[in-house]
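**Student:** I would like the atomic coordinates for the input below:
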Amino acid sequence: MKTPQVALFFLERDMHPGTKMNLHFTTSSNTATFLPRKTAESIPFSSDKLPEILDQFSVKPESAEADIIKETIEECEKPALPSLEKNIQAVSTEVEKGTSMQKYTILPGVKKLAGDKSIACHKQNYVYAVFYCHATKTTRAYIVPLEGADGVNAKAVAVCHTDTSEWNPKHLAFQVLKVKPGTIPICHFLPSDHIVWVPNLKST
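**Tutor:** Down below sits the predicted model:
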């Protein structure tokens, strides 16, 4: 049984019009929305304020939801990342609607995004929208137009890792693609609730 939106690994050289892949794009069950900046800044967000946070959102201290809130805050308290240039753009996978696992065909119009550095942000479980971000080096990002067998269109973000020499040799990607670490760029699509920040093309 395949898990929805598990990254399907493929080779960068195969990312061209006509290539067919089995993919599953779903609507995220994490529906937490962004708060206005002024509102978000008025709400505590630190481990030492956890009791106050739980009280504000009527969450019981010993509940599973309290544990999730605690874990998310701790993730966000890790050392900050160096930022990209100021002239950047955010991209994410866009799908017309949630679909079942089906065959998608890459359409003409694959677009390589600028730069070999990016910051990937993953939506966390929290009472409002919070993203955990991390820097990625030796990567190339693309916008890939796709058409599903049922006619659904998607614009998916693909990230290609150009240096896999330090990956675990038993990583699923190597098993699926039958290649060895450090030999060839390996790519995967991002789920719709991930955001990638890359340098803006206009700045290059």
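
**Student:** please pull out the lowest mean pLDDT helix or strand from this protein.
**Tutor:** In the chain, no helix or strand scores lower on mean pLDDT, DSSP states H and E than strand 131-136, which sits at a mean of 80.

**Student:** and for it, what's in contact with it?
**Tutor:** Residues outside strand 131-136 that contact it (Cβ atoms under 8 Å, 6 or more residues apart in numbering) are 72, 75-76, 81-82, 117-124, 159, 161, 195, 197. For glycine as for every other residue, the C-beta is placed from the backbone atoms N, C-alpha and C.

**Student:** direction included, what does it pair up with?
**Tutor:** strand 118-123 (antiparallel) (DSSP bridges).

**Student:** how about the longest helix along the chain: buried residues?
**Tutor:** Secondary structure of the chain read by DSSP state H shows that its longest helix is helix 64-76. By 16 or more other Cβ atoms under 10 Å, the buried positions in helix 64-76 come out as A66, I69, T72, I73, C76.

**Student:** which stretches of the protein form strands?
**Tutor:** For the chain, the strands defined by DSSP state E occupy 9-11, 20-23, 88-91, 94-95, 102-106, 111-112, 118-123, 131-136, 139-148, 153-161, 186-189, 194-199.

**Student:** what angle sits between the longest helix of the chain and strand 118-123?
**Tutor:** Orientation note: helix 64-76 sits at an angle of 170 degrees relative to strand 118-123 (axes from the mean of the first three to the mean of the last three Cα atoms, to 10 degrees).

**Student:** could you export helix 64-76 as CSV, CA atoms only?
**Tutor:** Output of helix 64-76 as CSV, limited to C-alpha atoms (Å, rounded to 0.1, in the frame of the first residue of the first chain):
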residue,chain,number,x,y,z
ALA,A,64,-2.0,14.6,22.6
GLU,A,65,-2.6,18.0,21.2
ALA,A,66,-0.5,19.6,23.9
ASP,A,67,2.4,17.3,23.0
ILE,A,68,2.1,18.3,19.3
ILE,A,69,2.1,22.0,20.2
LYS,A,70,5.2,21.4,22.5
GLU,A,71,7.1,19.5,19.7
THR,A,72,6.3,22.2,17.1
ILE,A,73,7.6,25.0,19.4
GLU,A,74,10.8,23.1,20.1
GLU,A,75,11.4,22.6,16.4
CYS,A,76,11.1,26.3,15.8
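
**Student:** V159: neighbour count?
**Tutor:** 21 (other Cβ atoms under 10 Å).

**Student:** for the longest helix of the chain, name the packing helices and strands.
**Tutor:** Under the contact definition 3 or more Cβ pairs under 8 Å, 6 or more residues apart in numbering; DSSP states H and E, helix 64-76 sits against helix 50-56, strand 131-136.

**Student:** out of the ones you listed, flag the one nearest K178.
**Tutor:** Taking Cβ to Cβ, strand 131-136 is the member of the helices and strands packed on helix 64-76 nearest to K178, at 24.3 Å.

**Student:** hmm, H161 is touching A120, no?
**Tutor:** No: between H161 and A120 no contact is recorded; they are 11.4 Å apart, counting by Cβ atoms under 8 Å.

**Student:** who touches the residue nearest to E77 when sequence neighbours are not counted in this structure?
**Tutor:** Spatial nearest neighbour of E77, chain neighbours left out: S47 (6.4 Å); criterion: Cβ to Cβ, 6 or more residues apart in numbering. Residues near S47 by Cβ under 8 Å, 6+ apart: K70, I73, E74, E77.

**Student:** I am finished for the moment; much appreciated.
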